[in-house]
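Asker: no sequence on this one, just coordinates:
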């Protein structure tokens, strides 16, 4: 108790002194971008790779007079059509001379420009790019320590009980080297809570290692990656690793903007490639061959004299804490090879790709009826053809994919500006139940790209410089059974959002989201039948800047959940205080939240800031209060220290969590400590 009280007191002192600080912690712009992306993502997604990319671009802004459409799309909140509009404006009117010119570009509203300004600049005309040999390199080391302060059942000392094999803290250490934007190298080492950290008796120390070297060229050899990398092509049907952004409150991100070959720097232990890849350019033709070999986690069923050993399931959690999880670790081998060929010319792109995945043992599909069309086998070939085209104020995109021995998947759409104030998008998707792909990230309501048809349409209206309104509706159907859905089913999602910005210091927004699906009925019967499930969220946000130092953010959110005759309600109210002053050594942010929900089904997710490059979604469930404090201290020009303390306190609960994560009591708190040092 004394330690926790001292920790909280120290953080409060850091925040109190934050009136003279300059900070990267809880950057409001980057935090807002990540929150928009995370709203329809999975809670366990790792956003560190995207956060690191956005921070790097903010430190090294893009030059509006040399930036490409692909560079702009790295910012993820810029749609392909908006990126092409900027390039066309520059071609028609000459180089930019003032950032105010952004207001003259179609689809560039003031809220969008506000987001864009921290990431762009206009360099002096005639300024030559420095020779690579003269660009100073930058080596950055960062280490993050995290721990739940309460005792959890899995760390019980009694060896007769099922328990975690390792210590209760999480440790991540990263090394990053940059030389301009041409050369980068990275090493990531991670140990999750409950995993071992040992170097004796042949142990390799950290549980997970990731490393890569990435080179960008100007001529024929455009990109080369050695080590861990990700691939993002087309609309995500056949070859997409890393974050796959889907439906959100805004409609601009519904069309995917491929990044192609990228270095991998996330701590997620699945969904990436390990090997060698390159992008070669021959005039307007681009070829990206790749090869990958890595061991993956899997559950293996031993063979006998009649049949060979088989893979019953592939694990993607990356957790190796217990004896059963350790048995899955690196149990199988996965080899992937393939190539992408694409042609680009004046806003038109046509591409084709093929990849073949080989598993060391055959993967068997599940026995349940809804798993009838799941993939089984050891070799899968997937191919697709994709295109996109920008013509005036319209952007069309499409991809058609096929898997060997399986079905088809197709996605296509068009977005455009109907006027300077109105933009719209329509997207259609049809994923057959027997379509298979190990690497996909296309827009989908269900899990993965299979067994789904849908029609999405969205509208965005800029009423004037202060008001903006957006709406989208998504109608979807699942032609085959799903988990807990023992028949074909249908559903719909409707989201509308209104934003009022009376000044640069104030923004008020209201969002309504309604999702209706079908599931098996509540009562267990010999034959299940489907009942409607409806969930509605009402959210009110107010962001207000008191001055250049301090920003306040308030949120109130209500949820209503109904399945058949069972109804649950939930609510969350929180207050954020974000310090981002102009100079000094201290900075920070805090949140205080109150929540009251009827249970698991009426839980509410909220985005939380963390230490540098770390962001995530937190579930507010049951009744209680939660607060967190982030503080940063700049030791010198090249060294920073971050400290975070978070605590959830529940009413009417005597224990928190379940199984080995069980905590006796009504309080759960955790602490994170992070160091960063830059070698110049």
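Answerer: Looks like it came in fine. Values in this document were obtained by computation on a predicted structure and should not be read as measured data.
Asker: In three-state terms, label residue 31 for me.
Answerer: State at residue 31, reduced to three classes by DSSP: H, G, I helix; E, B strand; the rest coil: helix.
Asker: Phi, psi for the closest residue in space to it that isn't next to it in sequence please.
Answerer: Counting by CB to CB, 6 or more residues apart in numbering, residue 31 lies nearest to residue 609, which is 5.6 Å off, once chain neighbours are set aside. Bear in mind the C-beta positions are built from the backbone N, C-alpha and C, glycine included. Taking degrees, to the nearest 10, you get phi -80, psi 160 for the backbone angles of residue 609.
Asker: Quickly list what residue 609 is bridged to.
Answerer: residue 615 (DSSP bridges).
Asker: Surely it is in contact with residue 589?
Answerer: Yes. Counting by CB atoms under 8 Å, residue 609 does reach residue 589; the two are 5.9 Å apart.
Asker: Specify which residue of those two has the higher count of neighbours.
Answerer: Legend: neighbour count by other CB atoms under 10 Å for residue 609 and residue 589, higher for residue 589 (27 against 24).
Asker: Residue 329 is in contact with residue 320, isn't it?
Answerer: Yes. Taking CB under 8 Å as the definition, residue 329 is a contact partner of residue 320 at 4.7 Å.
Asker: Of the two, which one has the most company?
Answerer: Counted by other CB under 10 Å, residue 329 and residue 320 do not tie: residue 320 has more neighbours, with 26 against 18.
Asker: which regions of this protein sit below the pLDDT cut-off?
Answerer: 1-28, 37-45, 125-135, 157-161, 244-245, 249, 524-526, 581-584 (pLDDT under 70).
Asker: now the end-to-end length of stretch 445-465.
Answerer: 33 Å (CA to CA, to the nearest Å).
Asker: which SS state does residue 266 fall under?
Answerer: Assignment for residue 266 (three-state DSSP): coil.
Asker: What are the phi and psi values at it?
Answerer: Dihedral angles for residue 266 - degrees, to the nearest 10 - are phi -80, psi 160.
Asker: Likewise for residue 117?
Answerer: phi -50, psi -40.
Asker: Let me know whether it touches residue 103 as I believe.
Answerer: No. Applying CB under 8 Å, one finds residue 117 not in contact with residue 103, separated by 11.3 Å.
Asker: what is in contact with those two at once?
Answerer: The contact sets of residue 117 and residue 103 do not overlap (CB atoms under 8 Å, 6 or more residues apart in numbering).
Asker: what kind of secondary structure is the nearest residue to residue 95 once chain neighbours are set aside in?
Answerer: Spatial nearest neighbour of residue 95, excluding adjacent residues (CB to CB, 6+ apart): residue 65 at 4.5 Å. Following three-state DSSP, we place residue 65 in the coil state.
Asker: Return the residues in contact with residue 65.
Answerer: Here residue 65 is in contact with 90, 95-96, 122-123, 125 (CB under 8 Å, 6+ apart).
Asker: Filter these down to just the ones in strands.
Answerer: Secondary structure defined by DSSP state E assigns none of these to strands.
Asker: just the buried members of these?
Answerer: The neighbour-count test (16 or more other CB atoms under 10 Å) marks 90, 96 as buried among the contacts of residue 65.
Asker: Kindly reformat the contacts of residue 65 as CSV containing distance to residue 299.
Answerer: Converted to CSV, those look like this (distance: CB to CB, whole Å):
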residue, distance to residue 299
90, 54
95, 58
96, 56
122, 56
123, 54
125, 61
